[in-house]
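Q: Here is my input; please provide its structure:
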Amino acid sequence: MAEQKQTNDAWTEWMVAHRRHLHAHPELSHQEAQTRAYIEQQLHSMGIETRSLTGKDVIGYLDGPVKGKTVALRSDIDALPVAEETGLPFASKTPGVMHACGHDGHMAVLLGVVKKLVEERERIKGRVVFIFQHAEETVPGGARELVENGVLDGVDGIFGLHLWQPLESGLIGVKEGAIMAGADGFAIEISGKGGHGAMPHETVDPTLVAAHAITQLHTIISRTLNPLDQAVLSIGELKSGSTYNVIPDSATLSGTVRYFEPAVAATIRSRMEDILDGVCKSFGATHRFTYTVGDPSVRNHPEMAKIVKAAAESVVGPERVVEAVPSLGGEDFAYYCDQIPAAFFFVGVGHPAAPYGHHHPKFDIDEAMLPVGADIMREAVFRFLGE
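A: Model prediction:
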């Protein structure tokens, strides 16, 4: 028993060391060259055959002694354009770039799963595919590119996880159906007629038009949608003018729409067009509206979610497994869900010593949860493939 504990401690330390190295050397989406090389080196050292489908990803393969089903496990590998403020001894060495979402931990977890499964190769009835995916933080993300290049060919099911700050450390969040939102974006350009700030009657003030449009756009969620339909419309950017006493010719704004059901997104988009058309006409302005459909919602297959739940209960106990609260954040794991049975789950890493959320410059994770996430994924593999 003591020997087993020492082995697990060494495994945990091994994952932590990888996480800290990767945290210190983050790379932005589509620029993950050093990260790829590091992952390939680790996989090759464990005897894992690899290839890349896009030149930006790493795909590894592990076959058991007998043929069977194929299961895939996915980790994202990119970082964010965030200047780190954690003060950690292994903080980012790349100015303005940080693993502020936990992808460093996701890579460490999946490497840990690989290490354990290599040691247990004789138990594997089938094939395990390890997907180290680039560019999760962009739209369109790397998942769509990988799917289009055949990463799921011959794969029967896929699992993924997210180290999740909103969930208390030690808890595991699992849910059937929608767990993360579809994420669309939009940009609006309002064209008016500029002029002197002292003579507004000679202008068509695009700033005023934009203000009215923003107010009315926000009524879509509260007055158009069924209150039981979960959605968000947020405007994050407004630009208008460059000096205090001049009314500009144009104003621009942009934002995001989040939803779980595509029909809800279609309703929001249609109402946005109606509102913009009406508001602009009422002031004598014109507009250009660009709506970009982003990643769809992440929807867990019921049977795959049940496998994760059972695996998690066997690792942490039933009392530590909870129904995940769906997030209106986006995740391009959705593209895998659209193709094959899939499950995505949350590993709680939130704790009082690190209260900062994802994408915050002081974001950090509870490293004690790395082996927990890895053990759940490993257990899910055996449950999916069959003992």
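
Q: Please report how far the spatially closest residue to residue 96 that is not a sequence neighbour lies from residue 97.
A: The shortest distance from residue 96 to any non-neighbouring residue, by CB to CB, 6 or more residues apart in numbering, is to residue 83 (5.1 Å). C-beta coordinates here come from the backbone N, C-alpha and C atoms, glycine included. Computed as CB to CB, to the nearest Å, the residue 83 to residue 97 distance reads 8 Å.

Q: of those two, who's got more company?
A: Neighbour totals were compared for residue 83 and residue 97, and residue 97 leads with 20 against 13 (other CB atoms under 10 Å).

Q: lowest-pLDDT helix or strand in this protein?
A: Ranked by mean pLDDT, DSSP states H and E, the helix or strand of the chain with the weakest confidence is helix 2-24, at a mean of 86.

Q: gap between that helix and the chain center?
A: Centroid separation between helix 2-24 and its chain, computed with CA atoms, centre = their mean, to the nearest Å, is 25 Å.

Q: Now do the same contact list for the spatially most central residue of the chain.
A: By CA atoms, centre = their mean, the chain has its centre lying nearest to residue 331, at 3.4 Å. Residues near residue 331 by CB atoms under 8 Å, 6 or more residues apart in numbering: 136, 162, 180, 295, 298, 344.

Q: Compare those residues and tell me which is most surrounded.
A: Of the contacts of residue 331, with other CB under 10 Å as the count, residue 298 tops at 30 neighbours.

Q: So residue 334 is in contact with residue 179, correct?
A: No. In this structure, residue 334 is not within contact of residue 179 by CB atoms under 8 Å, at 9.8 Å.

Q: residues shared between the contacts of the two?
A: Common neighbours of residue 334 and residue 179 (CB under 8 Å, 6+ apart) are 298-299.

Q: more crowded one of the two?
A: Ranked by neighbour count (other CB under 10 Å), residue 334 and residue 179 place residue 179 first, with 28 against 25.

Q: and the more buried one, helix, strand or coil?
A: strand (DSSP: H, G, I helix; E, B strand; the rest coil).

Q: and residue 335, that's in a strand?
A: No. Assessed with three-state DSSP, residue 335 is helix; it does not lie in a strand.

Q: what about it, distance to residue 248?
A: From residue 335 to residue 248 the distance is 40 Å (CB to CB).

Q: The two: which is more packed in?
A: residue 335 (24 against 19).

Q: ok, and the closest non-adjacent residue to that one?
A: That would be residue 143: by CB to CB, 6+ apart, it lies 4.2 Å from residue 335.

Q: now swap in residue 151 and tell me
A: Per CB to CB, 6+ apart, closest to residue 151 is residue 53, 5.7 Å.

Q: same thing with residue 194?
A: With CB to CB, 6+ apart, the residue lying closest to residue 194 is residue 249, at 4.1 Å.

Q: low-confidence ranges in the stretch 201-350 of the chain?
A: Residues of the stretch 201-350 of the chain meeting the criterion pLDDT under 70: none.

Q: where along it do the strands fall?
A: Assigned by DSSP state E, counting those that start in this stretch, the strands in the stretch 201-350 of the chain fall at 231-240, 246-247, 250-259, 286-295, 298-300, 321-323, 327-330, 342-350.

Q: now swap in the stretch 1-150 of the chain and tell me
A: Using DSSP E, counting those that start in this stretch, strands in the stretch 1-150 of the chain cover 49-51, 58-63, 66-76, 125-133.

Q: The second one pairs with which strands, parallel or anti?
A: So that's strand 58-63. strand 49-51 (antiparallel), strand 125-133 (antiparallel) (DSSP bridges).

Q: just the longest one next, same as before
A: Based on DSSP bridges, the strands next to strand 66-76 in the sheet, each with its direction, are strand 125-133 (parallel), strand 157-168 (parallel).

Q: Restricting to C-alpha, output that strand in CSV.
A: In CSV, the C-alpha atoms belonging to strand 66-76 read as follows (Å, rounded to 0.1, in the frame of the first residue of the first chain):
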residue,chain,number,x,y,z
VAL,A,66,-7.0,-7.0,-28.7
LYS,A,67,-9.1,-5.1,-31.2
GLY,A,68,-12.2,-3.3,-30.0
LYS,A,69,-13.8,0.1,-30.0
THR,A,70,-11.8,3.4,-30.3
VAL,A,71,-12.1,6.1,-27.7
ALA,A,72,-10.6,9.6,-27.9
LEU,A,73,-9.5,11.9,-25.1
ARG,A,74,-9.0,15.6,-25.8
SER,A,75,-6.9,18.4,-24.3
ASP,A,76,-6.6,22.0,-25.6
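
Q: how much does it deviate in direction from strand 342-350?
A: 50 degrees (axes from the mean of the first three to the mean of the last three CA atoms, to 10 degrees).

Q: Now do the SS call for residue 359.
A: coil.

Q: Looking at the strands of the stretch 201-350 of the chain, spot the one closest to residue 155.
A: strand 342-350 (9.8 Å; CB to CB).

Q: which helices and strands sit right next to the following helix or strand past the closest one?
A: Sequence-wise, the next helix or strand downstream of strand 342-350 (DSSP states H and E) is helix 370-385. Under the contact criterion of 3 or more CB pairs under 8 Å, 6 or more residues apart in numbering; DSSP states H and E, helix 370-385 touches helix 2-24, strand 66-76, helix 103-119, strand 125-133, strand 157-168, helix 302-316, strand 342-350.
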